[in-house]
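J.: Next one to model:
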Amino acid sequence: MIAAKTSSLLLDVKNVTVTFGGLNAVDGARLALEDNQLLGFIGPNGAGKTTLMRAIIGMLTPSSGQIILDGQDISSRRLVDRINLGMALAQQIIKPLKDMTLLDNVALAAGSGKLLSPIKAMIHRSRQHEQDIAHGLLTEVGLADAIYKYPAELPLGFLKRLEVARALARQPKVLLLDEPLAGLSIKEAEDMADLIMGLPCKGRGVILIEHNLSQVRRICKTLYVQNNGRPLAFGATEDVLEKREVQMAYLGKSE
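T.: Numbering: from 1, shown residues only. You can find the predicted model right below:
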């Protein structure tokens, strides 16, 4: 049912199963992410989207299957190892460091791989390089005018962009976005989707886990659908959305 291209793959998820208490929360998930690709990932509530995302990033250990990052099997690697190898996650529930400006939040993320303690890295060495990176990333996500603001001073839409900038600071090959449009107004969601559309580039692919189907449909050329923990469809977005089983499971249509 699911066929993936084999060229220029950054991420290959092969028959991944995650079991809790004898029940399969994810059952045989199969998807592939190519270089410079934006892949939409949808499914109804309870489809196991977050569970699969956590298995990919290393927050959960799959019961079976393989996760291949840029040709390397990382199925048994720890979360920190996967991050260092080129994965990053922008989470739905945003937890910025409230006592730091946006600039320092992103600079801390940019320098976190240089020492075992990123906070010591910020204290004991020049921060100029990391701050330059942070300034550039905050500008890229549309926050150039708020770099010296604190998180508590800003609305949710700005914090969502901050979360993306912090994830980008690790220079990931694979960027996972967990419902970045959740809680935003129609205009904010559209603007955020426009930003996300520009994130894939040479050396980086993006997986967008999202419930806002109208925006996913608009910006994602390729779509993976999961239902009840199982892969339902994977392919060109319009082709996938025309499938009867997808419409029944996700859109609530029978015809």
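J.: Beta-bridge partners for the residue most central in space within the chain, please?
T.: Note on the chain: the residue nearest the mean C-alpha position is L176, at 1.3 Å, using C-alpha atoms, centre = their mean. Under the criterion DSSP bridges, L176 forms beta bridges with L89, I207.
J.: so it makes contact with I56?
T.: Yes: using C-beta atoms under 8 Å, L176 makes contact with I56 at a distance of 6.7 Å. Where you see a C-beta, it was placed from the backbone N, CA and C, and this is true even at glycine.
J.: List the residues that contact the residue nearest to the centre of the chain.
T.: L176 sits next to M53, I56, I57, M87, A88, L89, A90, V206, I207, I209 when contact means C-beta atoms under 8 Å, 6 or more residues apart in numbering.
J.: The closest residue to Q131 other than its chain neighbours: what's it in contact with?
T.: Among residues not flanking Q131 along the chain, A107 sits closest, at 4.8 Å (C-beta to C-beta, 6 or more residues apart in numbering). Neighbouring residues of A107 by C-beta under 8 Å, 6+ apart: M122, R127, E130, Q131, I133, A134, A169.
J.: ok, now A109?
T.: By C-beta under 8 Å, 6+ apart, the contact list for A109 reads P118, A134, R166, A167, A169, R170.
J.: buried subset of these?
T.: Among these, those classed as buried by 16 or more other C-beta atoms under 10 Å are P118, A134, R166, A167, A169, R170.
J.: Rebuild the residues you listed as a markdown table, extending it with pLDDT.
T.: Shown next, in a markdown table, are these (pLDDT from 0 to 100):
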| residue | pLDDT |
| --- | --- |
| P118 | 51 |
| A134 | 95 |
| R166 | 95 |
| A167 | 95 |
| A169 | 94 |
| R170 | 91 |
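J.: which pair in these spans the largest distance?
T.: The span of the buried ones among the contacts of A109, defined through C-beta to C-beta, is set by P118 and A167 at 14.7 Å.
J.: Return every residue with contacts to both of L176 and I56.
T.: M87, I207.
J.: all helices for this protein, in order.
T.: 49-57, 79-85, 102-111, 118-124, 128-140, 156-168, 186-197, 213-219, 237-241, 244-246 (DSSP state H).
J.: Packed most tightly, which of those would that be?
T.: Sort those by mean neighbour count, taking mean count of other C-beta atoms under 10 Å, and helix 102-111 sits at the top with a mean of 24.
J.: From the contacts of A107, pick the one nearest R218.
T.: Proximity of the contacts of A107 to R218 (C-beta to C-beta) peaks at A169, which lies at 27.0 Å.
J.: got any ranges where the stretch 151-255 of the chain has weak pLDDT?
T.: Judged by pLDDT under 70, the stretch 151-255 of the chain has its weakly predicted residues at 250-255.
J.: Recalculate using a threshold of 90.
T.: The model of the stretch 151-255 of the chain has pLDDT under 90 over residues 247-255.
J.: Next, the contact list for the nearest residue to L199 once chain neighbours are set aside, please.
T.: Spatially, and ignoring its direct neighbours in sequence, L199 is nearest to V206 (5.0 Å; C-beta to C-beta, 6+ apart). Listed by C-beta under 8 Å, 6+ apart, the contact partners of V206 are L33, Q37, L38, L39, V174, L175, L176, L177, I196, L199, P200.
J.: Between the residues you listed, identify the one with the most neighbours.
T.: With neighbours taken as other C-beta atoms under 10 Å, the top of those is L33, carrying 28 neighbours.
J.: if I look at it, how far off is T19?
T.: 24 Å (C-beta to C-beta, to the nearest Å).
J.: same thing with T51?
T.: 10 Å.
J.: joint contacts of those two?
T.: With C-beta under 8 Å, 6+ apart as the test, T51 and T19 both reach A25.
J.: just to revisit the earlier point, format the helices of the chain as a markdown table; extra columns: distance to K149.
T.: Shown next, in a markdown table, are these (distance: least, C-beta to C-beta, whole Å):
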| stretch | distance to K149 |
| --- | --- |
| helix 49-57 | 28 |
| helix 79-85 | 27 |
| helix 102-111 | 6 |
| helix 118-124 | 19 |
| helix 128-140 | 10 |
| helix 156-168 | 8 |
| helix 186-197 | 17 |
| helix 213-219 | 26 |
| helix 237-241 | 36 |
| helix 244-246 | 42 |
